[in-house]
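Peer 1: the sequence isn't on hand, but the structure is:
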């Protein structure tokens, strides 16, 4: 029986030499694999009150939209700076070299709403940390963070757990 991990393609030396890129487009392109991933991402939260699903740009939109649909709740995109058309709040996060910024509409989450944060992969955790801070600044409560892939060698899961977050990942890959 195949697992979610079996549907993920590994591409060596992309985007740089020495990097093993975990390509989830092969997971998304297979109806059984995609359904399995969506079902397993929402399963731990069945029966819990979730008001919104927030997805991190860009693959988090694909997964988050599907999970939100299954839960019957709204979806909130957390995007790179300058991509949202209305009033936003923003949060910087560290990259390997420099910083980047993500934004969310200032009315996307009402105070007290319970939010499930979703992305395809947790690596260093910087983008997810920024997403959590945006949700919290809007006075939302992050129920948990759910990912398809965890790269534990990069420490992102520990970063989020040290923030008090519940982290759920469907599979892990060693290395980068």
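Peer 2: Great, that's in hand. None of these values were measured; they are calculated from a predicted model. Numbering: from 1, shown residues only.
Peer 1: what about residue 21, how many residues nearby?
Peer 2: 14 (other Cβ atoms under 10 Å). Every C-beta, even on glycine, is put in place using the N, C-alpha and C of the backbone.
Peer 1: ugh, wrong one, residue 24
Peer 2: So residue 24, with other Cβ under 10 Å, has 21 neighbours.
Peer 1: quick check: it touching residue 59?
Peer 2: Yes: at 6.1 Å, residue 24 counts as touching residue 59 under the criterion of Cβ atoms under 8 Å.
Peer 1: give me the common contacts of these two.
Peer 2: 120-121 (Cβ atoms under 8 Å, 6 or more residues apart in numbering).
Peer 1: for residue 142, grab the count of nearby residues.
Peer 2: A count of nearby residues for residue 142, using other Cβ under 10 Å, gives 21.
Peer 1: over to the spatially most central residue of the chain. Which of the three states is it?
Peer 2: For the chain, the residue sitting closest to the mean C-alpha position, by Cα atoms, centre = their mean, is residue 119 at 1.8 Å. At residue 119 the chain is in strand, as set by DSSP: H, G, I helix; E, B strand; the rest coil.
Peer 1: any idea what it is bridged to?
Peer 2: Note on residue 119: beta-bridge partners by DSSP bridges are residue 147.
Peer 1: cool, and residue 141?
Peer 2: Here residue 141, judged by DSSP bridges, has bridge partners residue 114.
Peer 1: run a quick neighbour tally on it.
Peer 2: Residue 141 has 14 nearby residues by other Cβ under 10 Å.
Peer 1: so what's residue 132 closest to, chain neighbours aside?
Peer 2: Spatially, and ignoring its direct neighbours in sequence, residue 132 is nearest to residue 142 (5.3 Å; Cβ to Cβ, 6 or more residues apart in numbering).
Peer 1: is it true that that neighbour touches residue 129?
Peer 2: No: the criterion here is Cβ under 8 Å, and residue 142 misses it with residue 129 at 10.8 Å.
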